[in-house]
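A.B. asks: need coordinates for the below:
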Amino acid sequence: MARFSSAFWLNILLAVCVAGQSTVTLPPESIIPDPTGAPLPLTQYTYQYPNLPEQVNPFPVGRGPQSGYNVCNSTTEGPDSRCQTMFINSIQDFCLWGSPIANGLIGNVEASVVAYCTEHGHGTRIIPEGTITSLQFMRTSAYIQVVGQFNQTGVSLDPTDYGGELDPHGADLAGNPLGGLVFSSSLPTTNGKITQVGNWNLFVGSGFFCFKACDNSITSPNYCQNIYDLIGCTYNMPSSAYTENIFEDCQGDLQEPAGLYVENGTTMTWKQPASLTPGSTLPWQPTIPASSSCTTYSSAQLFGTPTATVTGKPGSSGSGSSGSLPLSTGTKSGAISISVPTTAIGAVIASFLFGVFLVGAN
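C.D. replies: Reported below is the predicted structural model:
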């Protein structure tokens with residue numbers, strides 16, 4: 001029987017791999033863009049949790065590449081985590097974007113903010129006990145949101161920072177943070193399934209935080225607009241919980257979309273200017289939506305004893321406003337200023353099998 005050379009077998013294997021390429025189909029969430037290319041808008045990257053790439057934005061163009069990573073688990077959890085995948089699940093299990101460095105200013109670190117979570121198990125940094133001094137988790141038919149007051153040094157922000165907005169857009173559409181992903185098991189129409197949130201916004205600063213995740217099936221009206229970064233939590237997410245020592249989980253009515261108000265019986269739209277000066281007033285005051293079915297907690301009940309829960313198997317904007325100023329409008333404004341190609345698969349298979357044949361030939 002004739003003995004064929006290893007080169008012969010390599011050619012046969014390569015031919016088989018190439019011929020079979022058209023039958024290889026990768027799920028969209030497994031396709032990692034070519035790092036030599038250009039990023040798509042952040043909102044166009046969708047994934048089924050926990051099938052996440054190491055980085056959504058590995059592109060060395062524009063503000064990239066991404067400074068952190070999206071594959072977060074027990075090996076990444078801790079005070080030095082650069083995880084940029086976060087969750088908003090419940091009053092006891094949610095995350096905030098915070099600074100990756102001590103005493104950071106949102107305007108300086110908006111592209112590189114990292115996830116700080118109340119729960120262990122997400123592979124992130126942990127929000128220290130006692131950081132959150134008031135809290136309301138609100139469930140509505142179109143969105144969920146968590147708002148409150150906090151000691152912002154707990155997420156490494158400079159205590160004097162007015163803060164800014166983080167969201168999946170930004171002037172270059174790459175998001176703040178770059179590559180930042182948000183997931184939730186509590187969106188109104190997803191029946192408890194962990195789902196990527198396509199439209200969200202989050203404000204931190206001035207001792208306030210507010211974080212809203214809009215249901216993917218509801219696009220109009222847009223309750224998660226990212227165009228009012230100068231007017232903060234009070235107007236973007238009006239709530240009664242911007243008061244110390246409130247800890248409650250509620251059902252709620254829908255708020256009026258930010259920027260809309262009624263004047264002389266006519267609905268008007270306020271357009272945010274390029275800047276606002278201290279003491280500026282707006283033509284309307286925000287209306288706090290009615291809440292119901294509230295369950296009240298103490299801080300110790302929620303955060304006194306850390307609990308370890310893992311949602312599945314961990315895989316792996318708008319703009320922040322530097323020097324933004326809170327408005328004096330009668331209510332305190334929280335935190336703000338005014339694809340893997342199939343040829344690559346074939347090559348990997350061929351290299352592996354060729355190595356096996358070489359071993360057998362020796």
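
A.B. asks: tell me the pLDDT at the closest residue to residue 298 other than its chain neighbours?
C.D. replies: If the residues on either side of it in the chain are set aside, residue 298 comes closest to residue 247, at 6.3 Å by Cβ to Cβ, 6 or more residues apart in numbering. The C-beta positions use only the backbone N, C-alpha and C, and glycine is treated the same way. What the model reports as pLDDT for residue 247 is 97.

A.B. asks: neighbours of residue 247, just the number please.
C.D. replies: 23 (other Cβ atoms under 10 Å).

A.B. asks: where does residue 301 land on pLDDT?
C.D. replies: Predicted confidence (pLDDT) for residue 301: 94.

A.B. asks: so how far is residue 182 from it?
C.D. replies: 26 Å (Cβ to Cβ, to the nearest Å).

A.B. asks: also residue 57?
C.D. replies: As for residue 57, its distance to residue 182 is 15 Å (criterion: Cβ to Cβ).

A.B. asks: what of residue 223?
C.D. replies: Spatial separation of residue 223 from residue 182 under the definition Cβ to Cβ is 15 Å.

A.B. asks: quick revisit: I figured the residue nearest to residue 298 hits residue 135, correct?
C.D. replies: Yes - counting by Cβ atoms under 8 Å, a contact exists between residue 247 and residue 135, whose distance comes to 5.0 Å.

A.B. asks: any common contacting residues for the two?
C.D. replies: 91, 302 (Cβ atoms under 8 Å, 6 or more residues apart in numbering).

A.B. asks: residues touching the residue nearest to residue 298, list them.
C.D. replies: Per Cβ under 8 Å, 6+ apart, neighbours of residue 247: 91, 134, 135, 136, 296, 297, 298, 299, 301, 302.

A.B. asks: repeat that for residue 174.
C.D. replies: Residues 39, 41, 42, 57, 62, 63, 64 are the ones in contact with residue 174 under the rule Cβ under 8 Å, 6+ apart.

A.B. asks: same thing but at 10 Å, please
C.D. replies: Residues near residue 174 by Cβ atoms under 10 Å, 6 or more residues apart in numbering: 39-42, 56-57, 59, 61-64, 66, 111, 168, 180, 317.

A.B. asks: residue ranges of the strands in the stretch 201-350 of the chain, please?
C.D. replies: Under the criterion DSSP state E, counting those that start in this stretch, the stretch 201-350 of the chain contains strands at 208-214, 247-252, 260-263, 266-269, 291-296.

A.B. asks: so residue 225 is in contact with residue 219, correct?
C.D. replies: No - Residue 225 lies out of contact with residue 219 (Cβ atoms under 10 Å); the separation is 11.5 Å.

A.B. asks: mutual contacts of the two, please.
C.D. replies: By Cβ under 10 Å, 6+ apart, the residues touching both residue 225 and residue 219 are residue 199.

A.B. asks: higher neighbour count, those two?
C.D. replies: Each of residue 225 and residue 219 had its neighbours counted (other Cβ under 10 Å), and the higher figure belongs to residue 225 (19 against 13).

A.B. asks: how about that one: what's its closest non-neighbour residue?
C.D. replies: With sequence-adjacent residues excluded and distances taken as Cβ to Cβ, 6+ apart, residue 225 is closest to residue 258, at 5.6 Å.

A.B. asks: okay, buried residues for stretch 180-196 please.
C.D. replies: Buried residues in stretch 180-196, counted by 16 or more other Cβ atoms under 10 Å: 180, 181, 182, 183, 184, 185, 186, 187, 188, 194, 195, 196.

A.B. asks: with pLDDT added, can I get these in JSON lines?
C.D. replies: Below are the buried residues of stretch 180-196 laid out as JSON lines (pLDDT from 0 to 100):
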{"residue": "180", "pLDDT": "98"}
{"residue": "181", "pLDDT": "98"}
{"residue": "182", "pLDDT": "98"}
{"residue": "183", "pLDDT": "98"}
{"residue": "184", "pLDDT": "98"}
{"residue": "185", "pLDDT": "98"}
{"residue": "186", "pLDDT": "98"}
{"residue": "187", "pLDDT": "98"}
{"residue": "188", "pLDDT": "97"}
{"residue": "194", "pLDDT": "98"}
{"residue": "195", "pLDDT": "98"}
{"residue": "196", "pLDDT": "98"}
